[in-house]
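Chemist: need a structure here:
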Amino acid sequence: MAALARFVPTIKLKQYDVVNKKHEDMGQVQTFVIDMHEGLIAFVLVSFGGTLGFGDKWFALPWDALQWYPETMKFVLDMPEEVLKNAPGMHKDKWLQEIEQWQKEDDLAAIDHYYGQHGYKSYLGIVRLVSIKRGRRKVDTRFEIDKDKAGEYRFKLIAPNNQVIAVSEGYTAKEGLMNGIESVKENALIATIVDTTL
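Modeler: Numbers count the residues shown, from 1 in each chain. So this is what the prediction gives:
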């Protein structure tokens, strides 16, 4: 029995299919799009045939949307079909030219925003979190702690332009407030957007 693949060279990715949760064939991974500045997978480029049949359109899908199953040697895509049908894509013969134009984080904003509003992790958020952890990005935002009229502790999240982004609930103990700050710091950068107005 062959060893289950965990570390996979990109030249082998065309051997691995993409299926939905019902294990129906959807398409095939074409390549990973690597952020060479950050050393991260930005997106996975997938061609869809199978049940969807997007013949000429390829999609840059967030890594968060695909789950690797070494037992079956396949990627499972957990994404509603209607989300995928409206996703930004690129022509299969012009994808390389389009990706070569991506030079700044903002160049990925439209793709990132689309998937973010459907509940997938923001790639730009992941980049910022990793950069901060590596000490490569200066943190200009800050938390300010004060007491309200009721004597409860609250924190404010302040942007670099000194505008208040968010105000916490009241905490009776400073320990609880500090735990709240740590929770925001840990989760905010990779938080998904759930738009209940759609």
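Chemist: so what secondary structure elements neighbour the strand or helix carrying Ser183?
Modeler: For Ser183, the element it lies in under DSSP states H and E is helix 174-187. Using 3 or more CB pairs under 8 Å, 6 or more residues apart in numbering; DSSP states H and E, the elements in contact with helix 174-187 are strand 142-147, strand 153-158. For every residue, glycine as well, the C-beta is placed using N, CA and C.
Chemist: out of those, deepest packed?
Modeler: Greatest average neighbour count among the helices and strands packed on helix 174-187 goes to strand 153-158 (a mean of 18), per mean count of other CB atoms under 10 Å.
Chemist: ok and it relative to helix 174-187, angle-wise?
Modeler: Relative orientation of strand 153-158 with respect to helix 174-187: 30 degrees, computed using axes from the mean of the first three to the mean of the last three CA atoms, to 10 degrees.
Chemist: pull the distance from strand 153-158 to the chain's centre.
Modeler: From the chain centre to the centre of strand 153-158 is a distance of 27 Å (CA atoms, centre = their mean, to the nearest Å).
Chemist: what about Leu77, neighbour count?
Modeler: Burial of Leu77, expressed as a neighbour count using other CB atoms under 10 Å, amounts to 20.
Chemist: mind listing what the spatially closest residue to it that is not a sequence neighbour touches?
Modeler: In space, Leu77 comes closest to Val18 once its chain neighbours are excluded; the distance is 5.2 Å by CB to CB, 6 or more residues apart in numbering. Val18 sits next to 25-29, 46, 48, 66, 74-77 when contact means CB atoms under 8 Å, 6 or more residues apart in numbering.
Chemist: out of those residues, which are buried?
Modeler: 26-29, 46, 48, 66, 74-77 (16 or more other CB atoms under 10 Å).
Chemist: as TSV, those residues with secondary structure would be great.
Modeler: TSV is the format used below for the buried ones among the contacts of Val18 (DSSP: H, G, I helix; E, B strand; the rest coil):
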residue	secondary structure
Met26	strand
Gly27	strand
Gln28	strand
Val29	strand
Val46	strand
Phe48	strand
Leu66	strand
Lys74	strand
Phe75	strand
Val76	strand
Leu77	strand
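Chemist: out of the residues you listed, which comes closest to Ala188?
Modeler: Leu66 (23.8 Å; CB to CB).
Chemist: all set, thanks.
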